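Novice: Structure, please.
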Amino acid sequence: MIASHAWLLFSNTSTFVKAISTYAPEAAQPYSEGLTLVPLFGAAPSAKIYALRVLGTSNIGWKSKIMEAMERVIELRKLYDSGDSQNGLNIRVCNMSIGGATLASGLDPQDQLVDAMLAHDIVPVISASNAGPATLTVGSPASANGALAVGAASLAHN
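Specialist: Numbers count the residues shown, from 1 in each chain. Predicted coordinates for the structure are as follows:
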């Protein structure tokens, strides 16, 4: 599933804010002197979700369980691609809001599975995890060569 629920802050002089103000004036909201808040809400209407839970109720889990789920996603896509639509699924995107520290970006076993997903035409979208080996780095599996890493920033923390 592709979804977005965010509030974006733009300068009042930005081309985007000018367009929003012209074509959907109720969407752009004044925030402060010189800034406009633009909400973004939406989802892909034809998307379907196949959920795999890898963490317990306390949000603690093992890398092996995460990797099992990643392998399952690849397995389901392989079955679909081989013509077995009864047991396989046409998984196109794998969203993972999970990650941890790594000292071997691109070489971590989870990173290798992310690259395997991409090799099977599955786009891996993974949270940056805020757990890289140093400041301003990301953790695994977002550190994979083929990962589309997604992060968040807050002015209070930057």
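
Novice: For the protein, which residues score under the pLDDT cut-off?
Specialist: Within the chain, the stretches with pLDDT under 70 are 1-6, 40-46, 130-136, 152-158.

Novice: which residues of it fall in strands?
Specialist: Under the criterion DSSP state E, the chain contains strands at 3-11, 29-32, 35-43, 93-96, 123-127, 148-150.

Novice: what about the residue in the chain sticking out farthest from the centre, distance to residue 13?
Specialist: Most distant from the centre of the chain: residue 33, at 32.6 Å, with distances by C-alpha atoms, centre = their mean. Look at residue 33 and residue 13: by C-beta to C-beta, to the nearest Å, they are 12 Å apart. Placement of C-beta: from N, CA and C, glycine included.

Novice: neighbouring contacts of the lengthiest helix in the chain?
Specialist: Secondary structure of the chain per DSSP state H: the longest helix is helix 63-81. With contacts defined as C-beta atoms under 8 Å, 6 or more residues apart in numbering, helix 63-81 is touched by 50, 52, 54-55, 87-91, 94, 96, 98, 100, 109-110, 113-114, 116-117, 120-122, 141.

Novice: Specify the beta-bridge partners of residue 124.
Specialist: Residue 124 forms beta bridges with residue 94, as assigned by DSSP bridges.

Novice: Run through the residues that contact it.
Specialist: Residues in contact with residue 124 (C-beta under 8 Å, 6+ apart) are 93-94, 96, 114, 117-118, 141, 144, 146-148.
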